[in-house]
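Participant: 3D model of this:
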Amino acid sequence: MRDQIATIAAAALLAGPAAATGLKIEIAGEGANGTVTLDLFEEVAPNHVERITTLAREGAYDDVVFHRVIDGFMAQTGDVQFGKMGSDMRMAGRGGSDRPDLGAEFSDLPFERGVVGMARSQDPDSANSQFFIMFAPGPFLNGQYTVVGEVTDGMDVVDAIKRGEGRNGAVTGQPDRMTEVSVTD
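Facilitator: Below you'll find the predicted structure:
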């Protein structure tokens, strides 16, 4: 995957310089406690990365829960509308931000362990604020969802996120949450 990213980055450099961007996510809860660091691929998905970093800088992701966590697949979070800790968790996963949905920015990057992708509905152009982190490869997602980054540190913390139940992986009780999300340059 690094070779694919390097090729895309080289092409982007020819178009103009881009600042390296990432996220530092502090996670707390019954399962996971610690820091996860992400490298965001602004060369691959510039609009999605811009959305995530804008929401992070505004503090919109702080105290947002991991509402959908499927063992052996992924952990989903980022519902800034309905996913705040202390709100009615029955709606978590159904919201987004107050900004318009984003058009798909699909790439050839594969969904491997640690890859971060944007969540969406059936409409490919419906991503907004929610994202997910892969526990394992998910080749069936390749070319169908926007890859926005990857975990560079703290995958052990991701692995400890409290799992959900049933086919949709809905987390009951007290879900783990992102206590603070900050942008790194």
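
Participant: Tell me the pLDDT of the residue nearest the centre of the chain.
Facilitator: Among the residues of the chain, the one closest to the centroid is residue 131, at 3.0 Å (CA atoms, centre = their mean). Looking at residue 131, its pLDDT stands at 98.

Participant: Tell me the spacing between it and residue 166.
Facilitator: 21 Å (CB to CB, to the nearest Å). Bear in mind the C-beta positions are built from the backbone N, C-alpha and C, glycine included.

Participant: what do you get for residue 84?
Facilitator: Using CB to CB, we find residue 84 at a distance of 23 Å from residue 166.

Participant: okay, those two: which has more neighbours?
Facilitator: Taking other CB atoms under 10 Å, residue 84 and residue 166 do not tie; residue 84 has more neighbours (19 against 8).

Participant: where along the protein do the helices fall?
Facilitator: Taking DSSP state H, the helices of the chain run over residues 2-15, 46-57, 155-159.

Participant: For the shortest one, name the packing helices and strands.
Facilitator: In terms of contacts (3 or more CB pairs under 8 Å, 6 or more residues apart in numbering; DSSP states H and E), helix 155-159 is packed against strand 34-40.

Participant: can I have the strand it packs on written out in PDB, keeping just the CAs?
Facilitator: What follows is the C-alpha trace of strand 34-40 in PDB, where atoms were taken according to Å, rounded to 0.1, in the frame of the first residue of the first chain:
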ATOM      1  CA  GLY A  34      -5.100   5.200  24.800                       C
ATOM      2  CA  THR A  35      -4.000   7.200  21.700                       C
ATOM      3  CA  VAL A  36      -4.400   6.400  18.100                       C
ATOM      4  CA  THR A  37      -2.500   8.300  15.400                       C
ATOM      5  CA  LEU A  38      -3.700   8.500  11.800                       C
ATOM      6  CA  ASP A  39      -2.000   9.600   8.700                       C
ATOM      7  CA  LEU A  40      -4.600  11.200   6.400                       C
END
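
Participant: Any chance you could list what contacts that strand?
Facilitator: Under the criterion CB atoms under 8 Å, 6 or more residues apart in numbering, residues 20-27, 49, 52-53, 116, 133, 148-158, 160, 184 lie in contact with strand 34-40.

Participant: Narrow those to those that are buried.
Facilitator: Restricting these to buried positions leaves 21-27, 49, 52-53, 116, 133, 148-151, 154-155, 157-158, 160, with burial counted as 16 or more other CB atoms under 10 Å.

Participant: Thanks again, I'm all set now.
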